[in-house]
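Peer 1: I'll drop the sequence and a predicted model, then ask my questions.
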Amino acid sequence: MSSAFYAAPAAPVTAQLTASTESIGGRILDEAETRTGDWYVYGGAGPSVFDCSGLVYWASHKLGVNLPRTTYAMLSSSLLYQVSSPRRGDLAFYGTGHVEFVTTWSHMTFGAQNTGTRVGWHTWNAYWHPTMYFRIR
């Protein structure tokens, strides 16, 4: 796993949507991004430390979307449906039981990656990449 932390790239104009036109996943990602720089702690669900699913859980609940607390429970939730063409705010699941948010930047997700890292943007590669994507209803 990459433990690199990246500053946010400049947002393309198309990603600067208003709350009224942005998807619920995009709004949840906006909320999650307010925690940029917080530390990863296994079992953390906010408000200042998070694990991967804890960040998704915290941000979704802030907007009234009651996603389950764990990655595996999220995968069986009726609030998610699998998609093949992800967009900003969708959830990217990794084969290891990890979850992060899809961003507008290719090969980059946002989330709480692992111990010793901070919440932020992470690049992925041939060995560390999402294996499936889900959209929030």
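Peer 2: Structure received. Residues are numbered from 1 along each chain as shown.
Peer 1: And the residue nearest the centre of the chain?
Peer 2: residue 101 (2.4 Å; C-alpha atoms, centre = their mean).
Peer 1: For that residue, give the beta-bridge partners.
Peer 2: residue 91, residue 110 (DSSP bridges).
Peer 1: wait, it sits on residue 52?
Peer 2: No - counting by C-beta atoms under 8 Å, residue 101 sits too far from residue 52 to count as a contact (10.0 Å). Yep, even glycine has a C-beta here, placed from its N, CA and C like the rest.
Peer 1: which neighbours do the two share?
Peer 2: residue 111 (C-beta atoms under 8 Å, 6 or more residues apart in numbering).
Peer 1: now the strands for this structure?
Peer 2: For the chain, the strands defined by DSSP state E occupy 39-40, 49-50, 80-83, 91-94, 98-102, 108-111, 120-123, 132-136.
Peer 1: out of these, nearest to residue 64?
Peer 2: strand 132-136 (11.7 Å; C-beta to C-beta).
Peer 1: Could you give me the buried positions within that closest one?
Peer 2: Judged by neighbour count (16 or more other C-beta atoms under 10 Å), strand 132-136 contains these buried residues: 133-136.
Peer 1: burial measure for residue 91, as a count.
Peer 2: By the measure other C-beta atoms under 10 Å, the count of residues near residue 91 is 30.
Peer 1: Residue 131 now?
Peer 2: Count around residue 131 with other C-beta under 10 Å applied: 10.
Peer 1: ok, the nearest residue to residue 92 once chain neighbours are set aside - contacts?
Peer 2: Distances taken as C-beta to C-beta, 6 or more residues apart in numbering place residue 130 nearest to residue 92, at 3.7 Å, with adjacent residues excluded. By C-beta under 8 Å, 6+ apart, the contact set of residue 130 is 86, 92-94, 100, 102, 109, 124.
Peer 1: ranking those residues by neighbours, who comes first?
Peer 2: Busiest of the contacts of residue 130 [other C-beta under 10 Å] is residue 100, holding 26 neighbours.
Peer 1: ok, that residue - contacts?
Peer 2: 52, 91-92, 94, 109-113, 122, 130.
Peer 1: Go through the residues you listed and say which is closest to residue 36.
Peer 2: After measuring these against residue 36 - C-beta to C-beta - the closest member comes out as residue 110, at 8.2 Å.
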